[in-house]
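A.B. asks: sharing a model that was predicted from the sequence below.
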Amino acid sequence: MMALLKPHHMPETTKENILSILQEVCDPEIPVLTIGDMGIIRDINVTGDQIEVIITPTYSGCPAMDAISMDIRLKLVEHGFKNVKITSVLSPAWTTDWMTDEGKRKLKEYGIAPPMVRTGDDSDPEVECPQCHSTHTKILSQFGSTACKALYQCEDCKEPFDYFKCH
């Protein structure tokens, strides 16, 4: 006997519900972070049955943005929304100030030092090692595993780690 499929319950089309659904979309480069944690969702417009999600890349030319756009579309289609438009905007430029405190906490637990509050001078920040919490660290390279990270090493536990650069 064939099982009957229940029709998918379509959630109410409001900005709040769409935003709630999008909290399930993870950053492909840092899977412990959602795009909400990252602060890349700039706005959601609902017009009739069309949903427009406006996003800002962490860096212009960020290779993860294509995957994020596709994941947004797939997540909304999975929830019954068919008419989805993704718009990328570059201005204002994304800043680490848009990351949530929860996102910064998740980064640290994942082993990536979260962005530090800017001091206003051009000196390197005092970056805390995410493994042993020492601030006795040094920069090895301005370029880490991705363009948005720098490579550091802890001088106490000797572990290398990524630091999510401020910008």
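C.D. replies: On my side now, so go ahead. Numbering: from 1, shown residues only.

A.B. asks: how many neighbours does Glu126 have?
C.D. replies: 10 (other Cβ atoms under 10 Å). Where you see a C-beta, it was placed from the backbone N, CA and C, and this is true even at glycine.

A.B. asks: roughly how far apart are it and Asp156?
C.D. replies: 13 Å (Cβ to Cβ, to the nearest Å).

A.B. asks: per-domain residue ranges of the chain.
C.D. replies: The record assigns the chain these domain ranges, following automatic domain parsing: 15-97, 111-116+126-164.

A.B. asks: export these to a markdown table and append columns for distance to Lys104 and mean pLDDT.
C.D. replies: Shown next, in a markdown table, are these (distance: least, Cβ to Cβ, whole Å; pLDDT from 0 to 100):
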| stretch | distance to Lys104 | mean pLDDT |
| --- | --- | --- |
| domain 15-97 | 8 | 93 |
| domain 111-116+126-164 | 4 | 93 |
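
A.B. asks: Gly103: which of those is closest?
C.D. replies: domain 15-97 (3.0 Å; Cβ to Cβ).
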